[in-house]
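> With the input below, show me the fold.
(chains A, B and C)
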Amino acid sequence: MHQIILSIGFGIVTASILSMGAVGFTLQFGVTNLFNLAFGDVMTIAAFVAYVVHNDAGASIWLALAAGGAAGMLSSVLIARLIYLPFMQRGTSQFAMVMVTVAVSIVFNNVLQIFSGTGFYGYALLPQASVHILGMVFTPRELVIIALAVVCMAGLHLLFKYTRIGKAMRATSDDASLARTCGIPTNRVTNFAWLASGLLCGLAGVALAMDLGTFSATTGGSFLLVIVAAAVFGSVGEPYGAMVGALVIGVASELAAVISPDLKDVVAFGLLVVVLLVRPEGLRSGRVQIRGEVTR
Amino acid sequence: MRASRLRARALTSGVAVVALGTAVVTAASQGTASAARLEARGGHATLTAGVLHAFTGQTAFFGTNAEDACRAAARVINANGGIMGDKLNCGIFDTKGDPADAVPVTRRMLTSASNLVMVVGPDGNDIPSVLPLIEQAKIPEMNTVGDPRYDKQTSPYFWRLTPSDSTQGPAIGWYTASSRYMKITDVFTSDLSAQTTVTPFRNKYRQMGGKLLSNVTMAPDQTSYQTEVASLIGSHPQAMVGEMDPQTAATFLSELQQQNGKLLPFVVTQAATQPGWLPAVTQAVGPANVAKYITAVAPDMTGKGIAYQQYVTNLKKVGGTSFQLGNTIVAATYDGVISFALAMDEAHSTKPQTYVKYIRAVTTAGHGVKVVNTYAEGVAALRAGKKIDYVGAAGAMNFNKYNTSARPYAVYHYSKAAQGWVVSKVLPATALRP
Amino acid sequence: MSIALQSYITTLLVYLGVNTIACWALNLQFGVGGVMNFAFILFQSIGAYITAVLTLPQAQSGTYETYILGLHLPWPLPLVGATVAGGLLALLVGAFALRPARRDFQATVMLVVSIIAETLVVTQQGWFNGASGLYSIPQPFASALNLSPTAYSWFFAGLVLVVSLLVYLFVDRITGSPWGRRLRAMRDNPEAVESLGTKVSVESLKLYVIGGAIAALSGGLLVEFIGAWSPAAWTTGETFIYFVAVIVGGLANNFGAFFGAFLVLGVFLEVPQYLPNFSYTNTESAIQSALIGVLILVFLWWRPKGIVPERRRRLSKLAMSTASAAAAREAGTSAAAGSARDPLSAELVRNHRRVPRGVVRDAAADPDLAIAVRDVAREFGGVQAVDGVTFDVPRGQATGLIGPNGAGKSTALKLIAGALKPTRGQILVDGVDVAGWPASRIAQLGVIRTFQHTSEFAQLTVLENLVVAAPGQPGDSLGGALLGRRHSRARQHELLAEAWELLEQFDLTKHADTYAGELSGGQRRLVEIMRALMAKPSILLLDEPMAGVNPTLRLTIEEHLQRLRDGGLTMLMVEHELGAIERVCDSVVVMAQGRLLATGSMEELRSNEEVVSAYLVG
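Residues are numbered from 1 along each chain as shown, chains lettered A, B, ... in the order given. Sure, this is the predicted structure:
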């Protein structure tokens, strides 16, 4: 029992990182309709930027985290403007767009390797005393990561609920052409979506690198699948679903480790398969449909 | 109109590609032919050692290690008169660490490398598909794979420069028990060499009275091992024993340090002596903790004497890293190339089928056999009509009857001064018995 | 030629053959059917593993090697077993991976399956010897033939060539058949194919199984040649190399797939090895890989449809000649009867359909009611989009469905067509309650719909768009496709003639060979209406047929609809343009905020204050 509670705590840490990634991914998909498989590499870029800011320039790790977030924003907007949008404006099919993102991912990954080599990097962080909460164990840094995730999720919620741009994003995510005919400036919305998702992506990348203790040029890419799984779990394009997906997959994989650690992935991903068996369009498919229908 | 023009263009580019392919193949075959002509005229040829390894992908370090070892050895050989006057050159052939991709590359090596006399490689991922081709071509190859399926292999062209993983398990078991860690937990990842080590390790360890409290088999490259760490701590072991890749080890150990307040003594396999491991782990838990808690058990690399000095000098000349200098696999590969060259000298032939019979002769100790430590010493002794035993940078080769080197194992500790592993003790032969 | 060179060339030939077979499999799934099989390498791999364990003798203890089966079967049984295993695995994976309608979901599930499988194969050492994999797999006939290694490799290259040709004949039959056309339509717009009476998930699954089996065959051949297989040979990244190959070669084109296999897997991956023999440093190999990424981007930009793009099926000449021949024949017979033939007459749109098995029509049902909607509701997360609506669609008449924005008109239409399931209520079609039926089954009753957003099959020509809609074509099934072209030819000619006549009626013959995706919005509407007519509807549901159409074309559409109505076709039409409703429809149903507001003729409704105010408010 004690072990299970412990694992839930560990799972919450993983889920926090995962949620930032998954929500960022899902936002990109929702607004731009792009299944961006280069997302993980942008996370890695952010992790390296934070490394330079923290280890080389000597800034605090939290400043480095912010720098990572900014790097995520910048690189996301850049690839969107320079590569994805020109392709999409040419009417490239959705399949081919996936291949475009794969190619971008290959380029990013290898350009990173040109600079970083195959070596491993880590933030110079001092060990911290653990904090016990309800039978779970966290480090202060992990608590900050959890808090950061909560703030991001709450911020998004407020954005969607109370701001014009947030509502416009939701509307665009439901039906881009309709949103355009309703006078929503989709171009601005799309830009904003790239910025917001890039920020989340960058934060997730730095938080991941902090949590892993060490990272390399391939770290983000190898974490991508879990992010995509969480996003699909909650229906892609549905931010609230992605949050639930992140929580379920994060906690489930730690719980799975209690019984058979070598099959962690199998359990976490198996869960996704089961969810899709019961609800073929993901957990929150109802929400996606309703908005689609009611606005018509 | 438009469509037909497109098709025409497609065909043109297709034709261009075919032409390119043909040109390449022709050029390759001409390369072989011209080298053969050169030899027929009685001049000195350039011999090729084909370095057949992964040079791209996750196991690319195999390739760079083998390549540097080969170049360093070739440098020594060529500086000392070559092989009966012929120069040795190292050719690069990238298998990508994939048994399927390795086959065409091997075929290409066999057809395009001029005067291919030896193969340096392949590695564990490729050897199952590549070995039959090399045997068919009757070219001796030297490898450092741990796969115990080759423990009783009988091909005369197969030469394994480092011991089988089946001896690694007992060595670790012996060391753990004799270090008085009588209650341990084992932590292995579920991949390649780990599983061939686990059972032999447990058998030896139990046989010596050790008690296995629990075992954690881990999926590599996870984002978190917190739960695994918690259950490890929960079993209250004196130490842990296992094998992990660099990324996994770094994450696992830093989480252990965090949860437990400090690390536990960790006896780790030779995976820890592979590139990337120390940088990743020292990064994650700090060099002091690595020095204090972590011990690696790996084939011996004592690194003394003139053989070692020459190895260091020449490896540095070809751009070798400080990591490679202390690495058994790199040194053993360097020794492998030199001993194959000495076998050619002894056989008075660079013909693979001929000299292969002399490899054992130049690497086996015996009465009246002169121990030589460098290529030059070997050539001189052979000229003087003596029998030789080459004992190189990594020590004696000691091939057993299945052509696997029966090197001793050693215990390694992290040295802050050297920023790498150093041997602290060589294990006795009894340690390797199952 | 030296022996070594011969061996190298034969090896390349074998790899070219194996990769081409694999590319054909992927092309069938992805290029033709649009299924993004991100687990592709898994199927090649299962073929390799099964071939290995069927060829190898039983695992010996104490050899550090464990695996299942070890049946030591003679050739070609291991290959047959591998093909079957690949098909079965595809059936298993496809059964749930193809459930989500969205292809990116499907792709993710497949990627996840691939990762799960990789983890299981590595951790479950007893299956295929874990991460170390299997080795020493004997080559077929090697001992019986007793050839020199070089001669054997020529023999094996020949063997691969024979198998490749057989596979080619197989895939070519599929891609050239009416079924292949339906699959391409499915790729372009699965929802529309569903609305024409085809269960897309079932057809996708068939395709997935066939592709899986062929991929497994390619893996089996490869392992017989190289004699070893392990997880290092099938990392997930290899799936993407195959994808790049079929995209670069050209999708939905078997020659393109072959070319892609040659170019990407043969040339791109082999030729760089001939670059000057520089020392490999990590930086250089990273630069090389980055360049490959750039190359893919450049390629997708420069040649988005591949080097050998999908072949445009130009059928207009054939259609025109068969149509005029048919007209000449008819002229002979109908001259006596003295009636000119009108393709839009009721005779042509009569219901050709069989009642699906197990459906019993209610004998007591009113024969004059084509559709009876009874207290139907649909709720989305607490919002009632359609809230207990009851109305009738009389047979042989055109009924309009109008209402302000958000009234639930389109939702009602989708509920009738089965694109959505009602939360309660009955929908009687010819007296049969179809509430909750899948769209394809309702379509089989003759209820055919058009879409609010145009839903043409963009990469099919206009003629193909029409012909694909016709139900019950010989050759429009897996079995039929394999019987070959001769089996389906006669009916295809009839359908082409029929489609040509429709095109003449709608004045679109000059666009017969144009890709539907290249037409204007209004023309696409026409194609959609013609396509619906080709499906021989007994009831036609039209969802805003005039939306986004220019005024001239609107009139044309209106005229056609009037003629259809006069021909006796039952229609239900949602439309904002009330003038058109008035001219086309006999009676009108008004909805507002999910409820029924009124029914009657336009004239009656205009005097209904409730209706007028609803429109003003809306």
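
> contacts, neighbours, all on C-alpha from now
Fine.

> Tell me which stretches of the stretch 101-250 of chain B form strands.
B:116-120, B:141-143, B:158-160, B:183-189, B:211-218, B:239-243 (DSSP state E, counting those that start in this stretch).

> And the second one, what does it pack against?
It stands for strand B:141-143. Strand B:141-143 sits against strand B:116-120, strand B:158-160, helix B:328-347, with contacts defined as 3 or more C-alpha pairs under 8 Å, 6 or more residues apart in numbering or on different chains; DSSP states H and E.

> Among the strands of the stretch 101-250 of chain B, which comes closest to C:Gly388?
Taking C-alpha to C-alpha, strand B:211-218 is the member of those nearest to C:Gly388, at 56.5 Å.

> Tell me how far that closest one lies from the chain's centre.
In this view, strand B:211-218 has its centroid 28 Å away from the chain centroid, taken as C-alpha atoms, centre = their mean, to the nearest Å.

> That strand - which strands sit beside it in the sheet, and in what orientation?
Strand B:211-218 has its sheet partners listed here by DSSP bridges as strand B:183-189 (parallel).

> Now do the partner strand against strand B:239-243, angle only.
20 degrees (axes from the mean of the first three to the mean of the last three C-alpha atoms, to 10 degrees).

> wait, what's in contact with the closest residue to chain B within the stretch 151-296 of chain A?
At 4.4 Å from chain B, A:Asp262 is the closest residue in the stretch 151-296 of chain A, using C-alpha to the nearest C-alpha. For A:Asp262, the contacting residues are B:189-190, B:217-219, C:123, by C-alpha atoms under 8 Å, 6 or more residues apart in numbering or on different chains.

> and with 7 Å instead?
B:190, B:217-219 (C-alpha atoms under 7 Å, 6 or more residues apart in numbering or on different chains).

> quick revisit: need the strands of the stretch 101-250 of chain B in CSV (columns: mean neighbour count).
Putting these into CSV (neighbours: other C-alpha atoms under 10 Å in any protein chain shown) gives the following:
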stretch, mean neighbour count
strand B:116-120, 26
strand B:141-143, 26
strand B:158-160, 25
strand B:183-189, 23
strand B:211-218, 19
strand B:239-243, 24
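
> which stretch in the ones you listed has the least confidence?
When those are compared by mean pLDDT, strand B:211-218 comes last with a mean of 88.

> Show me which helix or strand of chain C is least confident by mean pLDDT.
The helix or strand of chain C with the poorest confidence is helix C:269-270; it has a mean of 68 (mean pLDDT, DSSP states H and E).

> Pop out the phi and psi values for the closest residue in space to A:Ile227 that isn't next to it in sequence.
Distance criterion C-alpha to C-alpha, 6 or more residues apart in numbering or on different chains; nearest residue to A:Ile227, sequence neighbours excluded, is A:Ala22 at 4.9 Å. Phi and psi for A:Ala22, reported as degrees, to the nearest 10, are phi -70, psi -40.

> Any idea which of the helices and strands packed on strand B:141-143 gets closest to chain C?
Per C-alpha to the nearest C-alpha, nearest to chain C of the helices and strands packed on strand B:141-143: strand B:116-120, 11.6 Å.

> Can you list the strands that the closest one pairs with?
Checking strand B:116-120 against DSSP bridges gives partners strand B:46-53 (parallel), strand B:141-143 (parallel).

> out of those, nearest to C:Leu13?
Closest among those, using C-alpha to C-alpha: strand B:46-53, at 21.6 Å.

> State the distance from A:Trp194 to A:Leu224.
If you measure A:Trp194 against A:Leu224 using C-alpha to C-alpha, to the nearest Å, the figure is 17 Å.

> Chain B contacts on chain C?
Counting by C-alpha under 7 Å from any C-alpha of the partner chain, chain C comes close to chain B at C:4-5, C:7-8, C:11-12, C:63-64, C:122-123, C:131-132, C:135, C:226-229, C:232-233, C:277, C:280, C:285, C:307-308.

> Tell me the residues of the stretch 251-400 of chain B that contact chain A?
Residues of the stretch 251-400 of chain B lying near chain A by C-alpha under 7 Å from any C-alpha: B:251, B:254, B:258, B:276, B:279-280, B:283-284.

> For B:Val371, state which of those residues is nearest.
For these, the nearest to B:Val371 is B:Gly276 (35.1 Å; C-alpha to C-alpha).

> Surely that closest one touches B:Pro246?
Yes: with contacts counted by C-alpha atoms under 7 Å, B:Gly276 reaches B:Pro246, the gap being 6.1 Å.

> Give me the more crowded residue out of these two.
Using other C-alpha atoms under 10 Å in any protein chain shown, the more surrounded residue of B:Gly276 and B:Pro246 is B:Pro246, with 24 against 18.

> where does B:Gly91 land in three-state SS?
At B:Gly91 the chain is in strand, as set by DSSP: H, G, I helix; E, B strand; the rest coil.

> count of residues packed around it?
Neighbour tally, B:Gly91, other C-alpha under 10 Å: 23.

> surely it meets B:Thr46?
No: B:Gly91 lies out of contact with B:Thr46 (C-alpha under 7 Å); the separation is 11.2 Å.

> Where does the prediction get shaky in the chain?
All of this is about chain A. A:1, A:174-185, A:236-237, A:280-296 (pLDDT under 70).

> look at chain C instead
If you take pLDDT under 70 as the line, chain C has these spans: C:1, C:268-282, C:284-285, C:332-365, C:381-382, C:616-618.

> quick one: stretch B:237-254 near chain C?
No: using C-alpha under 7 Å from any C-alpha, stretch B:237-254 never reaches chain C; the gap is at least 14.2 Å.

> For that stretch, measure first residue to last.
Terminal-residue distance, stretch B:237-254 (C-alpha to C-alpha): 18 Å.

> which regions of the stretch 251-400 of chain B lie under the pLDDT threshold?
For the stretch 251-400 of chain B, no range has pLDDT under 70.

> quick one, strands of it?
Using DSSP E, counting those that start in this stretch, strands in the stretch 251-400 of chain B cover B:266-268, B:294-299, B:369-372, B:387-392, B:395-396.

> need the next SSE after the shortest one, C-terminal direction.
Counting by DSSP states H and E, the element after strand B:395-396 in chain order, helix or strand, is strand B:409-415.
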